[in-house]
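Novice: next one to model:
(one chain, ligands or ions: 2)
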Amino acid sequence: MRLGAIADDVTGACDLAGRVAEAGLPTTVLLPAPPAPGHPSPTTEHHEDVFAGGDDASACAVVALKVRTAPVGQAVDEATAAAQLLLDAGASLLYQKYCSTFDSTPAGNIGPIADALVALAGADGTVGTPATPGARRTQYEGILFADGVPLAESPMRDHPLTPMRDSSVVRLLAAQTAAPVSLVPWEAVQRGAAEVASAIGAGHTLVDALTEGDLDVIAAAILSAPRPVVAAGGAGVGTALARAAVAASGQRVDISRSQLPEVPVTGRLLLAGSASAATRAQTAAFAGERHTLDPLALATDDRALDRLRDALAARADHREPVLIGSAPEVARAQAELGAERAAALIEGALAELAAFAVHELGYSHLLVAGGETSGAVTARLGVQRLLVGQQVAPGVPWAVARSGEREIALLLKSGNFGGPGLFTDAWEVAP
Ligand SMILES: Nc1ncnc2c1ncn2[C@@H]1O[C@H](COP(=O)(O)OP(=O)(O)OP(=O)(O)O)[C@@H](O)[C@H]1O
Ligand SMILES: O=C(O)[C@@H](O)C(=O)CO
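Specialist: Residues are numbered from 1 along each chain as shown. Ligands and ions are numbered 1, 2, ... in the order given. Next up, the predicted model:
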């Protein structure tokens with residue numbers, strides 16, 4: 001199987017790639033250049049060798065986009081270009097990777113991207129689920145649970161960009177597409193892959209899942225579906241598809257032996273633009289030097305960013321991790337600046353600080369929290385490909401990347417992933 005995944009943000013891409021690689025399938029993450037003025041589609045020509053592992057081997061390639069909250073037209077264009085790249089490279093199954101908390105707005109972009117991929121692949125519809133039990137996301141009767149509580153009662157209720165106020169993924173998706181949306185309930189999953197495959201209709205099928213075993217049933221149903229489908233979901237279904245591919249080929253690549261190139265430590269920087277509960281806990285538990293990025297200060301004080309650059313440059317030991325995090329108070333900045341401008345100011349400043357640290361101060365290791373934030377940072381650093389290594393926590397792998405002439409280690413962490421000690425412990429297993 002050649003699994004060609006399109007992820008709507010870069011931490012989602014790393015989440016999927018880290019788990020799929022750990023399941024034993026060779027995996028690459030590609031980051032197309034962001035759209036340039038007059039050229040709305042991402043440039044992808046520079047990506048040769050899209051699938052790792054040789055021409056006949058089973059493999060996975062994940063294209064990391066930054067389209068979760070982009071205008072619908074742009075999101076569809078970029079996802080279509082990415083899917084075309086994957087199909088041209090020989091993908092046998094397309095995978096739409098969205099967030100395990102179904103992050104989106106009523107306009108999209110999960111539904112519009114799903115419709116576009118189905119049309120491009122000549123498929124009947126999408127089949128999948130956001131459920132990712134390894135991240136404590138489950139789906140029952142079409143209701144998505146995060147850490148055991150319905151989505152709309154979880155901290156995702158107050159996400160700065162995609163507040164999730166409904167827990168029914170069936171309703172959420174139906175609001176974003178004209179195609180039919182149907183549910184395969186958990187009881188049908190218990191009866192096995194043939195039952196699930198026979199329940200797949202035209203349009204988008206969401207399947208309940210509580211366990212990895214349920215995901216294996218869904219993967220088997222996708223692979224035996226009577227008509228071509230696009231697979232879709234959080235990282236859970238993708239990982240189950242990887243397990244199925246490895247079992248079928250008998251070829252398991254051991255990620256612990258596929259060493260990443262070693263990156264000598266010359267500086268360690270944590271950039272946290274995520275306001276998610278896990279990132280807040282990690283920030284609270286971090287005992288080292290820290291600085292706060294206040295969007296209101298960035299909007300009104302030209303020197304605010306320079307002061308942070310100066311503080312970084314003045315550090316006595318760059319190898320001691322330093323944290324620059326967005327202010328915890330979201331509502332005030334959004335009321336005064338608007339959500340989009342506040343986010344753009346923070347993302348822009350963190351991206352500038354990443355470039356300053358890497359290219360002016362020679363920093364080697366960056367840990368970035370948050371998908372939007374990571375997308376802004378990798379775009380500013382001109383990162384085009386990630387070599388994915390071992391996971392620090394489920395869905396959180398270290399990676400090695402090239403930025404200009406520099407080889408750097410990057411850990412791009414989904415906002416809600418990792419335990420409280422991650423900002424301190426992650427360095428111990430860094431490449
Ligand atoms: N204090 C704040 N005020 C306004 N916006 C903020 C504030 N802190 C963070 N943000 C914005 O909120 C957004 C958080 O999204 P991001 O994707 O980076 O994190 P996340 O949603 O927690 O992570 P993930 O998408 O990986 O789950 C960013 O655009 C960031 O700039
Ligand atoms: O699925 C998830 O929760 C993550 O991979 C993600 O998409 C974070 O942005």
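Novice: for Glu289, phi and psi?
Specialist: In terms of degrees, to the nearest 10, the main-chain angles of Glu289 are phi -60, psi 140.
Novice: cool, and Arg406?
Specialist: With angles defined as degrees, to the nearest 10, Arg406 sits at phi -90, psi 140.
Novice: ok, what's across the strand from Tyr140?
Specialist: In this entry, Tyr140 is beta-bridged to Ile143, by DSSP bridges.
Novice: tell me the pLDDT at it?
Specialist: On the pLDDT scale, Tyr140 is placed at 98.
Novice: got a list of what it touches?
Specialist: Tyr140 is in contact with Trp186, Asp208, Leu210, counting by Cβ atoms under 8 Å, 6 or more residues apart in numbering. In this view, the C-beta of every residue, glycine as well, is placed from N, C-alpha and C.
Novice: over to Leu412?
Specialist: Contacts for Leu412 (Cβ under 8 Å, 6+ apart) come out as Val10, Thr11, Cys14, Val368, Gly371, Ser374, Val377, Thr378, Leu386, Ala399.
Novice: would you confirm that the second one contacts Ala376?
Specialist: To tie it back to what came earlier, the one meant is Thr11. No. In this structure, Thr11 is not within contact of Ala376 by Cβ atoms under 8 Å, at 11.7 Å.
Novice: so what's Leu270 closest to, chain neighbours aside?
Specialist: Leu323 (4.2 Å; Cβ to Cβ, 6 or more residues apart in numbering).
Novice: what number of residues lie near that neighbour?
Specialist: 21 (other Cβ atoms under 10 Å).
Novice: helix or strand for it, which one?
Specialist: Here Leu323, judged by DSSP states H and E, is contained in strand 322-326.
Novice: how many residues are close by Ala272?
Specialist: With other Cβ under 10 Å as criterion, Ala272 counts 28.
Novice: okay, it: pLDDT?
Specialist: Per-residue confidence (pLDDT) for Ala272: 98.
Novice: contact partners for it?
Specialist: Applying Cβ under 8 Å, 6+ apart, we find Ala272 in contact with Thr279, Gln282, Thr283, Leu323, Ile324, Gly325, Ser326, Val368, Ala369, Gly370, Thr373.
Novice: interface residues of this structure facing ligand 1?
Specialist: 9, 11, 159-161, 273-276, 279, 295, 326-327, 329-330, 333-334, 342-343, 346-347, 370-373, 414-416 (Cβ under 6 Å from any ligand atom).
Novice: quick one: buried ones out of these?
Specialist: Neighbour-count burial within the residues of the chain next to ligand 1 applies to 9, 11, 159-161, 273-276, 279, 295, 326-327, 330, 333-334, 342-343, 346-347, 370-373, 414-416; the criterion is 16 or more other Cβ atoms under 10 Å.
Novice: in the sheet, who's paired with Trp398?
Specialist: Where Trp398 sits in a bridge, its partners, by DSSP bridges, are Leu411.
Novice: tell me if I'm right that it and Trp427 touch.
Specialist: No. Between Trp398 and Trp427 there is no contact under Cβ under 8 Å: 9.7 Å.
Novice: and the two? which has more neighbours close in?
Specialist: Of the pair Trp398 and Trp427, Trp398 is the one with more neighbours under other Cβ under 10 Å, namely 26 against 19.
Novice: in stretch 389-406, what counts as buried?
Specialist: 389-401, 403.
Novice: do the same with stretch 165-173
Specialist: For stretch 165-173, the neighbour count (16+ other Cβ under 10 Å) marks Asp166, Ser167, Ser168, Val169, Val170, Leu172, Leu173 as buried.
Novice: for those residues, please prepare JSON lines with the additional fields secondary structure and distance to Leu305.
Specialist: Shown next, in JSON lines, are these (DSSP: H, G, I helix; E, B strand; the rest coil; distance: Cβ to Cβ, whole Å):
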{"residue": "Asp166", "secondary structure": "coil", "distance to Leu305": "38"}
{"residue": "Ser167", "secondary structure": "coil", "distance to Leu305": "39"}
{"residue": "Ser168", "secondary structure": "strand", "distance to Leu305": "42"}
{"residue": "Val169", "secondary structure": "helix", "distance to Leu305": "39"}
{"residue": "Val170", "secondary structure": "helix", "distance to Leu305": "44"}
{"residue": "Leu172", "secondary structure": "helix", "distance to Leu305": "37"}
{"residue": "Leu173", "secondary structure": "helix", "distance to Leu305": "39"}
